[in-house]
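Chemist: I'd like to go over a predicted model; first the sequence, then the structure.
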Amino acid sequence: MSKQKKVIVTLVSILVLCLLGFVCFLFLLDSSKESKEKESQKETTTKEDKTEKETTKETTKEEETTTKSQDVFMVSYVPNGSWEKDGFTCTQFNVTVYNRTNTDAEGWQIILTVPADSVLEQSWNATCEKSEDHLTIIPEDYNSTILANGSVSMGFILDTKGEYKPENSTLTVNGKDYTMNGGGQSPEEKSTTGKEDSQMTSANPENGTKTPLQLHGSLSVKGTNLVDKDGNPFQLKGVSTHGIAWFPQYVNKDSFQTLRDSFGVNTIRLAMYSNPADGYTTNLHETVKTGVDAACELGMYCIIDWHILNDNNPNTEDNIKRASTFFTEMANTYKDKENIIYEICNEPNGNVTWEDDIKPYAQKMIQTIRAIDSDAIIIVGTPTWSQDVDLVAKSPISGESNLMYALHFYAATHKEDLRNKATNALNAGLPILISEFSICDASGNGALDTNSASEWFNLIRNNKLSCVAWNLSNKDESSSLLLPSCDKTSGFTESDLSEAAKYIFNQYKSY
Ligand code: IDC
């Protein structure tokens with residue numbers, strides 16, 4: 001081979017080798033890239049995995065917390081006023097049992113430790129039995145199931161020597177015992193206590209977003225009961241004004257709103273004394289309308305009361321004329337409202353009988369109102385200051401619906417006898433409504449009788465009766481709901497209330 005050829009062969013070989021090397025380099029480069037990518041992919045996957053795992057972990061944690069906070073039953077005991085009697089402190093407790101699980105709890109029972117020398121005065125919405133140092137609380141049929149995430153309530157009044165706080169109790173649900181301490185909260189759930197307490201001490205169960213009228217709508221009479229739009233028994237928890245000629249300053253929206261939101265009142269009664277000698281003039285119709293309009297705006301029920309009293313007999317020519325004018329005007333103004341109740345003669349009295357006076361008057365007035373407002377509830381007064389409901393039960397007005405008959409009591413004067421009249425009337429099928437009461441004597445003054453009052457409230461609770469407390473004023477008499485020292489005309493707080501008001505509003509909160 002010539003020298004020249006040798007050089008060419010060598011050069012070509014070098015070139016081929018270089019090419020080979022380059023290809024190898026490219027290949028290596030590519031595979032390292034691939035492995036890097038793979039690695040990084042792996043890393044990402046691991047990271048993702050990790051995050052996923054962490055998320056799962058968090059979810060589990062969350063579930064755990066959720067389960068923990070939901071797997072709980074709680075009992076709260078909220079004191080709702082107390083008073084002194086015969087060396088005892090009588091305290092009313094409202095008890096709520098909460099089911100924080102997602103399943104209904106069938107059946108519950110509480111055993112609460114109480115002082116051995118305490119006395120159980122009364123209980124409602126559950127059967128309560130005291131034995132030595134404990135109280136056993138067993139629900140009624142209708143509240144023995146606590147719906148998932150729901151609650152049930154009951155109440156009792158316990159008389160103790162000195163102050164008492166319910167602290168130790170055992171709640172049995174679904175056959176399992178839960179020990180409650182420290183005021184009845186579940187030990188695991190102390191953190192929610194603050195929130196729950198503020199919810200539970202809320203004075204008016206209806207002070208959420210809905211008004212009494214939105215919740216219960218148009219009322220009617222079914223059997224002896226007042227029922228709401230769904231046909232469920234409904235109880236008016238009312239406050240009556242004093243005579244609006246004397247105390248017009250309380251006829252305002254803010255004052256009614258305070259009663260609704262702070263004291264559980266769902267009804268206002270406007271007392272229009274019908275006797276010109278007691279200040280009646282047609283000018284006062286405007287004051288009545290101010291009150292009705294306020295009640296309408298607040299979604300409260302409103303009783304327009306033609307307050308026969310010192311004028312004894314509603315069936316006189318003069319009264320029939322005035323009452324017809326009054327109710328014609330009111331019915332025309334409010335015929336489209338669902339919250340208006342007409343009370344046509346507060347308290348007939350004196351030499352006035354059902355058959356000859358009250359019944360014929362009532363028939364005329366019912367006709368007058370029905371011609372304009374065909375279905376509103378009408379309350380008919382009864383003989384002897386609206387007490388003789390048993391007599392009326394023997395001869396009620398026929399052919400009319402949505403009628404109720406007035407029963408009035410003043411607890412220190414009216415006791416067993418009048419309660420028996422009420423029971424007899426109810427047994428005879430007469431729908432009765434306590435459109436006026438107080439817990440002092442019939443003069444509207446004198447000492448309060450809480451023993452008699454508590455019997456009356458048993459009757460009210462047991463028969464789902466409506467009642468309206470006399471009177472919204474600061475007049476210096478014991479039936480006034482405000483203390484004489486209170487000069488507010490709205491925004492009343494607990495410290496502005498008379499003893500009668502405190503007792504009555506506590507009762508209202510108990511059912
Ligand atoms: C009373 C008032 C009192 C007023 C008097 C006027 O409390 O301030 O001076 O009327 O007659 C009723 C009546 C109701 C009475 C009340 C208390 O419906 O008007 O108010 N009472 O006596 N029936 C039984 C008691």
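Modeler: Structure received. Numbers count the residues shown, from 1 in each chain.

Chemist: ok, for Glu338, nearest residue in space, not its chain neighbours?
Modeler: Leaving aside its sequence neighbours, Glu338 sits nearest to Ser218 (Cβ to Cβ, 6 or more residues apart in numbering; 4.2 Å). Any C-beta I mention is one placed from the backbone N, CA and C, and that applies to glycine too.

Chemist: so what's the one you found up against?
Modeler: The contact partners of Ser218, by Cβ atoms under 8 Å, 6 or more residues apart in numbering, come to Asp228, Lys229, Glu338, Asp375.

Chemist: Let me have these in JSON lines, adding neighbour count as columns.
Modeler: As requested, those are exported to JSON lines (neighbours: other Cβ atoms under 10 Å):
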{"residue": "Asp228", "neighbour count": "18"}
{"residue": "Lys229", "neighbour count": "14"}
{"residue": "Glu338", "neighbour count": "16"}
{"residue": "Asp375", "neighbour count": "13"}
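
Chemist: ok, which residues in the stretch 251-400 of the chain are in contact with the ligand?
Modeler: Leu309, Asn310, Asn346, Glu347, Trp385 (Cβ under 6 Å from any ligand atom).

Chemist: Quick check: of those residues, which has the highest neighbour count?
Modeler: When neighbours are counted by other Cβ atoms under 10 Å, Asn346 leads these with 27 neighbours.

Chemist: how about that residue, what does it touch?
Modeler: Contacts of Asn346 (Cβ under 8 Å, 6+ apart): Ala271, Ser274, Asp305, Trp306, His307, Ile308, Leu309, Gly381, Ser386, Ala406, Ser435, Glu436.

Chemist: The last one - that's part of a strand, no?
Modeler: This points to Glu436. Yes - assessed by DSSP: H, G, I helix; E, B strand; the rest coil, Glu436 belongs to a strand.

Chemist: number of nearby residues for Asn332?
Modeler: Around Asn332 there are 10 residues (other Cβ under 10 Å).

Chemist: Might you enumerate the residues of the chain proximal to the ligand?
Modeler: Counting by Cβ under 6 Å from any ligand atom, the chain sits next to the ligand at 309-310, 346-347, 385, 408, 410, 436, 442-444, 470-471, 475, 477, 479.

Chemist: Apply 8 Å and report the result again.
Modeler: 242-243, 246, 271, 273, 278, 307, 309-310, 346-347, 385-386, 408, 410, 436, 438, 442-445, 470-471, 473, 475, 477, 479-480 (Cβ under 8 Å from any ligand atom).

Chemist: in stretch 310-325, what counts as buried?
Modeler: Under the neighbour-count criterion of 16 or more other Cβ atoms under 10 Å, stretch 310-325 has Asp311, Asn312, Asn313, Pro314, Asn315, Asn319, Ile320, Arg322, Ala323 buried.

Chemist: To clarify, my last question referred to stretch 231-246.
Modeler: Within stretch 231-246, the residues scored as buried using 16+ other Cβ under 10 Å are Phe234, Gln235, Leu236, Lys237, Gly238, Val239, Ser240, Thr241, His242, Gly243, Ile244, Ala245.

Chemist: Val239 is in contact with Gly264, isn't it?
Modeler: No - look at Val239 against Gly264 with Cβ atoms under 8 Å: they stay out of range, at 10.3 Å.

Chemist: Spell out which helix or strand contains the residue in the chain that the ligand sits nearest to, please.
Modeler: When scored by Cβ to the nearest ligand atom, the chain has Gly444 as its residue closest to the ligand, at 2.8 Å. Following DSSP states H and E, there is no helix or strand that holds Gly444.

Chemist: burial of it, as a residue count?
Modeler: 16.

Chemist: In this structure it contacts Thr413, no?
Modeler: No - between Gly444 and Thr413 there is no contact under Cβ under 8 Å: 10.5 Å.

Chemist: before we move on, which element is Tyr508 in?
Modeler: helix 499-509.

Chemist: wait, I meant Ile304
Modeler: strand 301-307.

Chemist: Neighbouring strands - and their directions - for that strand?
Modeler: strand 267-273 (parallel), strand 340-343 (parallel) (DSSP bridges).

Chemist: Determine which stretch of the ones you listed is the most buried.
Modeler: strand 267-273 (a mean of 27; mean count of other Cβ atoms under 10 Å).

Chemist: Can you show me the CA trace of that one as CSV?
Modeler: Taking C-alpha atoms only, strand 267-273 is exported to CSV below (Å, rounded to 0.1, in the frame of the first residue of the first chain):
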residue,chain,number,x,y,z
THR,A,267,-99.3,37.9,72.2
ILE,A,268,-100.3,41.4,73.1
ARG,A,269,-103.8,42.3,74.4
LEU,A,270,-104.9,45.9,74.0
ALA,A,271,-107.4,46.7,76.8
MET,A,272,-109.8,49.3,75.5
TYR,A,273,-112.0,50.2,78.6
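
Chemist: Asn312: what's it in contact with?
Modeler: By Cβ under 8 Å, 6+ apart, the residues touching Asn312 are Pro348, Asn349, Gly350, Asn351, Val352.

Chemist: can we see that at 6 Å?
Modeler: Taking Cβ atoms under 6 Å, 6 or more residues apart in numbering, we find Asn312 in contact with Asn349, Gly350, Val352.

Chemist: What's the ChimeraX line that selects buried ones from those residues?
Modeler: Buried subset of the contacts of Asn312, written as a ChimeraX selection, criterion 16+ other Cβ under 10 Å:
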select :349,352
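
Chemist: What's the separation between Ala447 and Leu418?
Modeler: Noted for Ala447: a distance of 18 Å to Leu418, by Cβ to Cβ, to the nearest Å.

Chemist: about what we covered before: same list, the strands paired with strand 301-307, but as a markdown table with mean pLDDT and distance to Ser498 please.
Modeler: What follows is the strands paired with strand 301-307, written out as a markdown table (pLDDT from 0 to 100; distance: least, Cβ to Cβ, whole Å):
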| stretch | mean pLDDT | distance to Ser498 |
| --- | --- | --- |
| strand 267-273 | 98 | 18 |
| strand 340-343 | 98 | 24 |
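
Chemist: Distance to Gly223 for those strands - can I get that in a markdown table?
Modeler: A markdown table is the format used below for these (distance: least, Cβ to Cβ, whole Å):
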| stretch | distance to Gly223 |
| --- | --- |
| strand 267-273 | 21 |
| strand 340-343 | 18 |
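
Chemist: What separation is there between Glu106 and Leu135?
Modeler: Taken as Cβ to Cβ, the span from Glu106 to Leu135 is 22 Å.

Chemist: So what pairs up with the closest residue to Phe93 other than its chain neighbours in the strands?
Modeler: Excluding the flanking residues, the one nearest Phe93 by Cβ to Cβ, 6+ apart is Tyr77, at 5.0 Å. Applying DSSP bridges to Tyr77 gives these bridge partners: Val95.

Chemist: so how far is Lys130 from Tyr77?
Modeler: 15 Å.

Chemist: So the two - more neighbours on which side?
Modeler: Neighbours were counted for Tyr77 and for Lys130 using other Cβ under 10 Å; Tyr77 has more, 23 against 17.

Chemist: Much appreciated, bye for now.
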